[in-house]
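Enquirer: Here you go, sequence then predicted model.
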Amino acid sequence: MHAILGTKLGMTQIWGPEGNRFAATVVQVGPCVVTKLKREDGKDGYNAVQFGYEAVPERKLSKPEVGVFKKVGLAPHRHLREFRVTKDQLAQYEVGQTITTEHLKVGNFVDAVGVTKGRGFTGVMKRYQFQGFSMSHGVHESYRGPGTGGRGSLQPSRVPPGSRRPGQMGNCRATSQTLLIMAIDPANNLVFLNGAVPGPRNGVVLLQSAKKAPEI
């Protein structure tokens, strides 16, 4: 398995052979269509596969985006992603090929990449789990504040970059590593992963080979 795009459907539970219960995230993978192959001996200079996911009407894309699919004679898709592969892996693909669950295997591990749920502008207690300040008598308007953030009154006399301050929480790219593939439903293109996957329901998820676990 190299990489594939899918949609997070939600969570369920799976019972193991010994009666143990495991939390599982259901991801509907593909169908993805191969839109382009890049080769290291060509003008691109590296080996990669480009996938299109989620077919949409032509009117919902810009003219340059539609042109990518017209060039190879394929229907327009909302998402385009490119994945680096080896020369041997590249030989397994061809333009126009449809990819679903055939590269997935129960017992392997994958990394799931998605965009986390946006929580809006939040304070430090929610964003970074700050303890807050005492709410006893004599304390005013600083119960949930971040406290002082500067360093000295002379040098450098400013808030250092990277400080944990109030701001937007969530709505950023995140990766859940080394999720076990517990089950696969090829008829419905469903994959059951042991653990949580970032993002809301119906969010787009990228599944790729785990970097910290070998494939079997």
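Expert: Structure's in. What do you need?
Enquirer: Where is the longest helix in the chain?
Expert: In the chain, with assignment by DSSP state H, the single longest helix is helix 63-72.
Enquirer: What ranges does this structure have for its strands?
Expert: In the chain, the segments counted as strands under DSSP state E are 3-15, 21-29, 32-38, 48-55, 77-84, 98-99, 109-115, 120-122, 167-169, 173-185, 190-194, 204-209.
Enquirer: now for the lowest-mean-pLDDT helix or strand in the chain, which elements pack on it?
Expert: The weakest-scoring helix or strand in the chain, judged by mean pLDDT, DSSP states H and E, is helix 87-90 (a mean of 87). With contacts taken as 3 or more C-beta pairs under 8 Å, 6 or more residues apart in numbering; DSSP states H and E, helix 87-90 sits against strand 48-55. Any C-beta I mention is one placed from the backbone N, CA and C, and that applies to glycine too.
Enquirer: And the contacts of the least confident helix or strand of the chain?
Expert: His2, Leu37, Arg39, Glu40, Asn47, Ala48, Val49 (C-beta atoms under 8 Å, 6 or more residues apart in numbering).
Enquirer: residues in contact with the first one?
Expert: Contact partners of His2, counting by C-beta under 8 Å, 6+ apart, are Val49, Phe83, Val85, Gln89, His103, Gln208, Ser209.
Enquirer: Pick out whichever of these sits closest to Pro186.
Expert: Taking C-beta to C-beta as the measure, Pro186 lies nearest His103 of the contacts of His2, at 11.7 Å.
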